[in-house]
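Asks: Next input, structure requested:
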Amino acid sequence: MSRPALPATLAALILAAPALAQPAPAAGLSGPMLSVRDVMRHIVNPAAERFWKGSGSVSTEDGVEERTPTSDAAWAEMVDAAAVVQESGNLLMMQGRARDQDAFARYSRQLAEAGAAGMAAAQAKDPDKVFETGGQIYDACFACHARYIPRPANSLWKQP
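Replies: Okay, here's the model as predicted:
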């Protein structure tokens, strides 16, 4: 190789190096892997339940049980749960999972927005905002379920 060609060859190799270093995407991982039902069962429901268990209060025979986190670790768990709820809204909007681009997409965005608000409330350690955003998460879930989960005519669960 001649001396003038050497710098050009080295430059080409250096420019190509980042592309060569990138791993190829794994086969089969480019689209949804879980059904909507499985996303709900394994991701959304556990995260929403974790978030709700850390807010508000519950009246028991022994009195009122406060659920507000009392440690930094408990607040961090609230942030984590809300983050999962937020990202779950995104997962539900993925092509191949979204039921439609109208109501289902709107409910999914509503869930993501409620999760984001829940994260902000938990990061601020604001019990009132955490309780409020827990209600927003519930409302997003309820609205979607009322539309997309068939219920018997005599069910107590009525569509809004």
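Asks: that's a helix at Ala74, yeah?
Replies: Yes. Ala74: assigned to a helix according to DSSP: H, G, I helix; E, B strand; the rest coil.
Asks: what about it, distance to Cys144?
Replies: As judged by CB to CB, to the nearest Å, Ala74 and Cys144 stand 29 Å apart. Glycine gets a C-beta too; all of them are placed from N, C-alpha and C.
Asks: Repeat that for Gln123.
Replies: For Gln123, the distance to Cys144 - CB to CB - is 26 Å.
Asks: Same question for Asn45.
Replies: 13 Å.
Asks: Likewise for Leu92?
Replies: Counting by CB to CB, the gap from Leu92 to Cys144 is 8 Å.
Asks: shared neighbours of those two, which are they?
Replies: Counting by CB atoms under 8 Å, 6 or more residues apart in numbering, the shared contacts of Leu92 and Cys144 are Phe104, Tyr107, Ser108, Leu111.
Asks: Among those residues, which one has the most neighbours?
Replies: Neighbour counts for those, by other CB atoms under 10 Å, peak at Leu111, which reaches 28 neighbours.
Asks: ok so, going back, show me which of Asn45 and Cys144 is the more surrounded one.
Replies: Ranked by neighbour count (other CB under 10 Å), Asn45 and Cys144 place Cys144 first, with 21 against 14.
Asks: what's the closest non-adjacent residue to the more buried one?
Replies: Of all residues not flanking Cys144 in the chain, Tyr107 sits nearest, at 3.8 Å (CB to CB, 6 or more residues apart in numbering).
Asks: and the one you found, what pLDDT?
Replies: You'll see Tyr107 listed with a pLDDT of 94.
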